[in-house]
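# turn this into a structure:
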Amino acid sequence: MQPIIDSIQPYVSTVVTAAVGVLTTIVLAGLNNVKVKVNTWLEARTAVAQREVIHKIAGEGFAFAQTAFKEAGGERKLQEALHAETCRTRHYSVGRRASSRD
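Residues are numbered from 1 along each chain as shown. This is a model prediction of the structure:
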């Protein structure tokens, strides 16, 4: 039985590796489609200046999370960056409607 397993093991490894590659390609294509849809949505609903502000805020949040939470995992960094930038944008009234400003 062991010689049979040893003889088919390289084929099984090749098939599994190919399947993982195909799955990764599908996931990346899906993420790219989501990115395109989000960018289209943002372009339709925001001005150029607003998109620049959103891009700067996102970049600063990313930089903050990378430096402040070096030992944390990716999901925790994302949550901390979102929390920090949400608090910061509320402070500057970003995202509020004009009628709700103090």
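
# sketch out the helices for the chain, chain order is fine.
2-45, 48-68, 74-91 (DSSP state H).

# possible to save these as a markdown table with mean pLDDT and mean neighbour count?
In short, each C-beta sits where N, CA and C put it, glycine included. Output for the helices of the chain, formatted as a markdown table (pLDDT from 0 to 100; neighbours: other Cβ atoms under 10 Å):
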| stretch | mean pLDDT | mean neighbour count |
| --- | --- | --- |
| helix 2-45 | 91 | 10 |
| helix 48-68 | 81 | 13 |
| helix 74-91 | 76 | 14 |
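
# how close does Lys77 get to Phe69?
Distance from Lys77 to Phe69, counting by Cβ to Cβ, to the nearest Å: 5 Å.

# kindly report the same for Asp6.
46 Å.

# one more: Glu52?
With distances taken as Cβ to Cβ, Glu52 is found 26 Å from Phe69.

# Thr89 too?
Thr89 is 19 Å from Phe69, where distance means Cβ to Cβ.

# check Ala18 too.
Distance, Ala18 to Phe69, using Cβ to Cβ: 36 Å.

# just Arg76 next, same as before
Taken as Cβ to Cβ, the span from Arg76 to Phe69 is 6 Å.

# Gly61 too?
Going from Gly61 to Phe69 by Cβ to Cβ gives 11 Å.
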